[in-house]
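Undergrad: using only what follows, build the 3D model:
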Amino acid sequence: MNIQHRQWASLGLMAGLSCYLVLASANPAAAMHIAEGFLPVQWAVLWWIVSLPFLVVGVQSLARITSTYPELKLLLALVSAFTFVLSALKIPSVTGSCSHPTGTGLGAILFGPSVMTVLGGLVLLFQAVLLAHGGLTTLGANMFSMAIVGPFAAYFVYRLLLRTGRTRVAIFCASALANLLTYVTTSVQLALAFPAVSGGFTASFLKFAGIFAVTQIPLAITEGLLTVLVWNWLQSYAKQDLETLKLLRQES
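TA: Here you go, the predicted model:
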């Protein structure tokens, strides 16, 4: 077994152990995933309708990539595991609730936001079923915030800042902003569904966003730094896959 294969095997083992630890200690979460049954029916249905077109396009993109470049399947699995493990971590908030990383920035940078809509949606589905993070009726809303807004924001910020020639800065900013915008979007969703009696949508949004802001800002910075570290690892041990991704982007 050559060095690259040993590195992939060790990373796969670490990802598997991380998933096991998360699953083995699963408890109902008070994280920012909107809980099962929390949204009124009309809002739950609306976010499903909004998210489904993105999901369909994502499935088509994922099918094209895996059929044309089957050698990228392992990297896709790595990106999925990265998102699953990070977004399953619960970080206590100063308000008594919880925040968590999202992990969607890396996949959006590597494969594009449409693919991450599918992978992020699958992560949210497994978390809802296995970990009680979020729910099935609120899956559309959670998918829109974490698997659509976050990845699309990460991708466009990365492409914009990449023009400066500072790749790692672009990756850091893209991942951190994807994290923050996920929470901003969820706060908007909750404010729309539950406007305050006094102050309406604005007052409600400030309340929901303020609950997590103190914890989420440093958490977003940490996620950005972690994503840069993973990128450095890929630069060292997965150069061939990164070259294939460059070819894929040129064909798109």
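
Undergrad: looks to me like residue 137 is in a strand.
TA: No: when DSSP: H, G, I helix; E, B strand; the rest coil is applied, residue 137 is found to be coil, with no strand at that position.

Undergrad: quick one: residues contacting it.
TA: Residues in contact with residue 137 (Cβ atoms under 8 Å, 6 or more residues apart in numbering) are 36-37, 39, 41, 44. Using the backbone N, CA and C atoms, a C-beta is placed for each residue, glycine as well.

Undergrad: which two among these are spaced furthest apart?
TA: By the measure Cβ to Cβ, 36 and 41 form the most distant pair in the contacts of residue 137, at 12.6 Å.

Undergrad: now do the strands in this protein.
TA: For the chain, applying DSSP state E gives strands covering 91-92, 98-99.

Undergrad: re earlier: okay, residue 36 and residue 41: which has more neighbours?
TA: Neighbour comparison, residue 36 and residue 41: the larger count goes to residue 36, with 17 against 9 (by other Cβ atoms under 10 Å).

Undergrad: nearest residue to the more buried one other than its sequence neighbours?
TA: residue 135 (2.5 Å; Cβ to Cβ, 6 or more residues apart in numbering).

Undergrad: list the contacts for the residue nearest to residue 232 when sequence neighbours are not counted?
TA: Nearest non-adjacent residue to residue 232, counting by Cβ to Cβ, 6+ apart: residue 168, 7.9 Å away. By Cβ under 8 Å, 6+ apart, the contact set of residue 168 is 228, 231-232.

Undergrad: of those residues, buried ones?
TA: Among the contacts of residue 168, those buried by neighbour count (16 or more other Cβ atoms under 10 Å) are 228, 231.

Undergrad: nearest to residue 202 among the contacts of residue 168?
TA: Residue 202 lies nearest to residue 228 out of those, by Cβ to Cβ, at 35.3 Å.

Undergrad: now do the same contact list for residue 187.
TA: Here residue 187 is in contact with 205, 208-209, 212 (criterion: Cβ under 8 Å, 6+ apart).

Undergrad: state the distance from it to residue 125.
TA: Relative to residue 125, residue 187 is positioned 23 Å away (criterion: Cβ to Cβ, to the nearest Å).
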